[in-house]
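Colleague: Starting from these lines, generate the structure:
(one chain, ligands or ions: 1)
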Amino acid sequence: MGLPSFAPSDLETGPMSAVVACLLALRDRFVSHAGEGWTCGLPQNGRMHTVGFPRRENGQVTQNSEVREDVKQMETTLQKVSKSPAMSEPPSVISRPELSSTARHAGRNFHEVFQLRQGGYSDLPSSKISDMMKSTSLDNAPTQSLLSVVNGILDEIIERKNGEIPYHLAFLLRKIILEVERRISTQAEHIRNQNNLMKAREEKYKSRIRVLEALASGTSGQIHVSSNAANGKAHVAAEPVHRMKMEKDKFEEKRQLLEEDQTKLTKDKENVTTLTKDKEDMTRLLNDKEDIIRLMKEKEEMARLIKEKEDTVILKKGKDGDRNQSADEHIAKPIMYKDELISLMKEKENYKVTIMKLKLELEAMKSSCEKSHSLLETKNKDVVNLLKDKENSGNVISQLRQELAMARRSHETYIQDLKTTALQENRNFEQRIKEVELKLEDSTKRERYLEELLEARIQTWEQKEIMLNQFVGLQMQNIQDLRLSSVSIRHEIQNCQKRWSEELSGLGQSLKVLANASEKYHAALEENRKLFNEVQELKGNIRVFCRIRPFLPNEDHKSSTTEITGDNGELILANPTKIGKEGNKLFKFNKVLGPTTSQDEVFRDIQPLVRSVLDGYNVCIFAYGQTGSGKTYTMIRCVYCAFSN
Ligand SMILES: Nc1ncnc2c1ncn2[C@@H]1O[C@H](COP(=O)(O)OP(=O)(O)OP(=O)(O)O)[C@@H](O)[C@H]1O
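Modeller: Take a look at the predicted model:
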């Protein structure tokens, strides 16, 4: 049987699975040794058989095919266990309080049994080993104890010269190896989960840093808004307080998350410590294997010594042959040497077989050790990477803590500002409350005054309503009276209308009579006018009147004399200073108006001319005479009388 080969890619992608495969190969190797009928000897041709592990049932050994089925079943179970997330946590790190005491007790029992043993493992009673093989004992036993047990059993196998191994011990070895495989696979899964957790945590920290940056940039804006709000609008002041509470809650949540992360990191650190211990155990196992190799070398040395002894025996045999030829009394000695030789030959054969077997085991163990060593180196690198990740995480955490402290300081400053603003706002609120209370008192007083006024006005309006009702009643009565009177008036109007219509008809007839009379009057008037104008024409179109002004008070009455002879318009002027015709001059006019003629008499002569003007005739009147003779006096009077009439 050859050990499984591992590609570098396998080592990179799944070092834990490679370790599991290696241990499985080791297990199969041991099982194959044990499967050769309770005594695990090598065949004569030196080849290893892949024989399954036999089981004892009712004192009989079962067939190898059944054993192989069991082995396959166990391998399948092992794969399931290594892949199962429920089994990913090793029992050594179980933290449940109800199991911890039981686990400690079982682990102590296991350790006591396998460390404080008397003699070899094969000397232990099968009942005790079966007790130890119970799932609780193996599950709760420390890994170091398990490895030491494996080491002890391997030592015992090597020490046994014939390679025999008891069934129960081989089964125990197999179970322990399975348990170790399961733990290693669980650790691998755990490390993988830790890697994923670290990546997720890194993403979370990055997102938190972004959130903190956003908060740091948004906080100043909020302060600015709150300061603006504090200037005038008091009702907005409650909003910053609410926002402050929300910010505080957010910081509390972040703090809790950071504490949880710190706890998780502490757990990771503990897991890394456990892994480091496991690594140390594996290193110790490797050292033990090196001791095995050293023992193998010693065995080789021993074989060499046996060969030398054999050579010595052969030489002795040659000497004894010479002695047989020389003496008969020494017959018994060769027989004794022969028996000794036969036994030595048998022993030599056994040693040869053992040496061959050990050589093969040594080679297999060497290769497995090398692979285990490379796997351990890979694991060591993983552990180093994990430690580096842890350091980086620590740096990130310290950086985040610093940022958190800065954010906390800024938050405290912001809270302080908000408190100051809140105090100021409270003062403003108190002042406003006082003002509002004063206004409320004023409004209460005013309300009372208004209520009283309202009551008075209601009473007044009630009185007015009563009066109005009375007035309305009176008015209604008056309306009734008026209606009655209006009916009577209507009757009267109708009677009047009848009378008026009758009178109008009478007036119409009178008007017709008057119109006829008027027409006749106008006709007579026209005729009269014609006759008047004809009279005027007959009187003369050009008429000359002479008016004699009386002497004014400052004039001499004896300077001139006038004499009017009659109404025929003749006038004689007498000048006493002159004789003859020169002393009496006769003038003839249409009419002569004397000094005693009044203005009305003058107008009486002019009035027909005025009527002719109104009838449409052109008339011209002008005055002629000496300055101061009385022209203006006469004309003004005539015009005045004409317009006045
Ligand atoms: N018939 C009269 N009776 C009394 N007084 C008269 C009469 N006629 C004229 N007088 C008086 O004679 C005066 C002169 O009259 P009037 O001014 O009319 O003269 P006259 O001719 O218009 O003068 P003149 O050419 O300068 O304008 C006035 O004081 C006026 O009162």
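Colleague: C-alpha from now on. contacts and neighbour counts both.
Modeller: Noted.
Colleague: Show the residue spans covered by the helices in the protein.
Modeller: Along the chain, counting by DSSP state H, helices occupy 8-13, 15-34, 64-83, 97-115, 126-132, 135-140, 143-159, 167-232, 238-326, 332-539, 599-615, 631-644.
Colleague: if I look at the residue in the stretch 401-550 of the chain positioned nearest to the ligand, how far off is Phe589?
Modeller: Nearest to the ligand, among the residues of the stretch 401-550 of the chain, is Arg549, at 4.0 Å (C-alpha to the nearest ligand atom). Applying C-alpha to C-alpha, to the nearest Å, the value for Arg549 to Phe589 is 16 Å.
Colleague: circling back to that earlier point, now for the helices of the chain, which one comes closest to the ligand?
Modeller: Using C-alpha to the nearest ligand atom, those put helix 631-644 closest to the ligand, at 4.0 Å.
Colleague: Going by neighbour count, which residues in the closest one are buried?
Modeller: 631, 634-635, 638, 641-642 (16 or more other C-alpha atoms under 10 Å).
Colleague: Let me see the contact set for Thr276.
Modeller: Residues near Thr276 by C-alpha atoms under 8 Å, 6 or more residues apart in numbering: Val383.
Colleague: Of Arg549 and Phe589, give the one with the bigger neighbour count.
Modeller: Neighbour comparison, Arg549 and Phe589: the larger count goes to Arg549, with 17 against 14 (by other C-alpha atoms under 10 Å).
Colleague: okay, and for the protein, where does confidence drop off?
Modeller: Low-confidence segments of the chain (pLDDT under 70): 1-122, 132-136, 160-165, 216-241, 317-337, 558-567, 642, 645.
Colleague: sorry, back to before: now, among the buried residues of helix 631-644, which is nearest to Arg208?
Modeller: Within the buried residues of helix 631-644, the smallest distance to Arg208 is 124.0 Å, found for Ala642 (C-alpha to C-alpha).
Colleague: before we move on, back to that, using JSON lines, lay out the buried residues of helix 631-644 together with distance to Glu340.
Modeller: Listed next are those as JSON lines, based on distance: C-alpha to C-alpha, whole Å:
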{"residue": "Lys631", "distance to Glu340": "216"}
{"residue": "Thr634", "distance to Glu340": "215"}
{"residue": "Met635", "distance to Glu340": "212"}
{"residue": "Cys638", "distance to Glu340": "212"}
{"residue": "Cys641", "distance to Glu340": "210"}
{"residue": "Ala642", "distance to Glu340": "208"}
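Colleague: Can you add distance to the ligand and give those back as a markdown table?
Modeller: Below are those laid out as a markdown table (distance: C-alpha to the nearest ligand atom, whole Å):
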| residue | distance to the ligand |
| --- | --- |
| Lys631 | 4 |
| Thr634 | 7 |
| Met635 | 9 |
| Cys638 | 13 |
| Cys641 | 16 |
| Ala642 | 18 |
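Colleague: Closest one to Lys199 out of those, please.
Modeller: Ala642 (135.8 Å).
Colleague: Quick one: name the residues of the stretch 451-600 of the chain near the ligand.
Modeller: Proximity of the stretch 451-600 of the chain to the ligand, by C-alpha under 6 Å from any ligand atom, involves residues 549-550, 595.
Colleague: Contact distance from the ligand - what residues of the stretch 151-300 of the chain qualify?
Modeller: Residues of the stretch 151-300 of the chain lying near the ligand by C-alpha under 6 Å from any ligand atom: none.
Colleague: ok, back up a step: just to check, the residue of the stretch 401-550 of the chain closest to the ligand is in contact with Pro595?
Modeller: Yes: between Arg549 and Pro595 there is a contact under C-alpha atoms under 8 Å: 5.1 Å.
Colleague: what's the neighbour count on Glu370?
Modeller: Look at Glu370: counted by other C-alpha under 10 Å, it has 13 neighbours.
Colleague: how many other residues sit next to Gly628?
Modeller: Other residues close to Gly628 by other C-alpha under 10 Å number 9.
Colleague: And the residue lying farthest from the centre of the chain, how far from Leu295?
Modeller: Farthest-out residue of the chain from its mean C-alpha position, per C-alpha atoms, centre = their mean: Gly580, at 148.9 Å. For Gly580, the distance to Leu295 (C-alpha to C-alpha) stands at 220 Å.
Colleague: now Leu362
Modeller: 10 Å.
Colleague: ditto for Tyr414
Modeller: Using C-alpha to C-alpha, we find Tyr414 at a distance of 75 Å from Leu295.
Colleague: Go ahead and confirm Leu172 touches Lys128.
Modeller: No: using C-alpha under 8 Å, Leu172 is not in contact with Lys128; the gap is 11.1 Å.
Colleague: more neighbours, the two?
Modeller: The residue with more neighbours, out of Leu172 and Lys128, is Leu172; 20 against 10, by other C-alpha under 10 Å.
Colleague: which one of Leu362 and Leu295 has more residues nearby?
Modeller: Leu362 (20 against 15).
Colleague: Can you give me the neighbour number for Leu552?
Modeller: Number of residues near Leu552 (other C-alpha under 10 Å) recorded here: 8.
Colleague: so Leu147 sits right up against Thr283, yeah?
Modeller: No: using C-alpha under 8 Å, Leu147 makes no contact with Thr283, being 10.8 Å away.
Colleague: Look at the two and report which has more neighbours.
Modeller: Per other C-alpha under 10 Å, whichever of Leu147 and Thr283 has more neighbours is Leu147, with 19 against 15.
Colleague: Now do the same contact list for the more buried one.
Modeller: Leu147 makes contact with 281, 285 under the criterion C-alpha under 8 Å, 6+ apart.
Colleague: That one and Glu181, how far apart?
Modeller: Distance from Leu147 to Glu181, by C-alpha to C-alpha: 11 Å.
Colleague: try Lys346
Modeller: Distance of Lys346 to Glu181, computed by C-alpha to C-alpha: 40 Å.
Colleague: Look at these two and report which has more neighbours.
Modeller: Glu181 (24 against 12).
Colleague: And that one, how far from Ile636?
Modeller: 162 Å.
Colleague: Just give me the neighbour total for Glu502.
Modeller: 12.
Colleague: What residues of stretch 301-318 count as buried?
Modeller: By neighbour count with 16+ other C-alpha under 10 Å, stretch 301-318 contains the buried residues 303, 306, 310, 313, 317.
Colleague: what's the most distant pair in those?
Modeller: Maximum distance among the buried residues of stretch 301-318 (C-alpha to C-alpha): 20.4 Å, for Ala303 and Lys317.
Colleague: Any idea how far stretch 364-381 is from the middle of the chain?
Modeller: Relative to its chain's centre, stretch 364-381 lies at 55 Å (C-alpha atoms, centre = their mean, to the nearest Å).
Colleague: Over to stretch 628-641?
Modeller: Its chain's C-alpha centre and that of stretch 628-641 lie 115 Å apart, by C-alpha atoms, centre = their mean.
Colleague: So what does Cys554 look like in phi/psi?
Modeller: Just so we're on the same page, residue 554 is Asn rather than Cys. phi -90, psi 10 (degrees, to the nearest 10).
Colleague: That one and Tyr205: what is the separation?
Modeller: Asn554 is 144 Å from Tyr205, by C-alpha to C-alpha.
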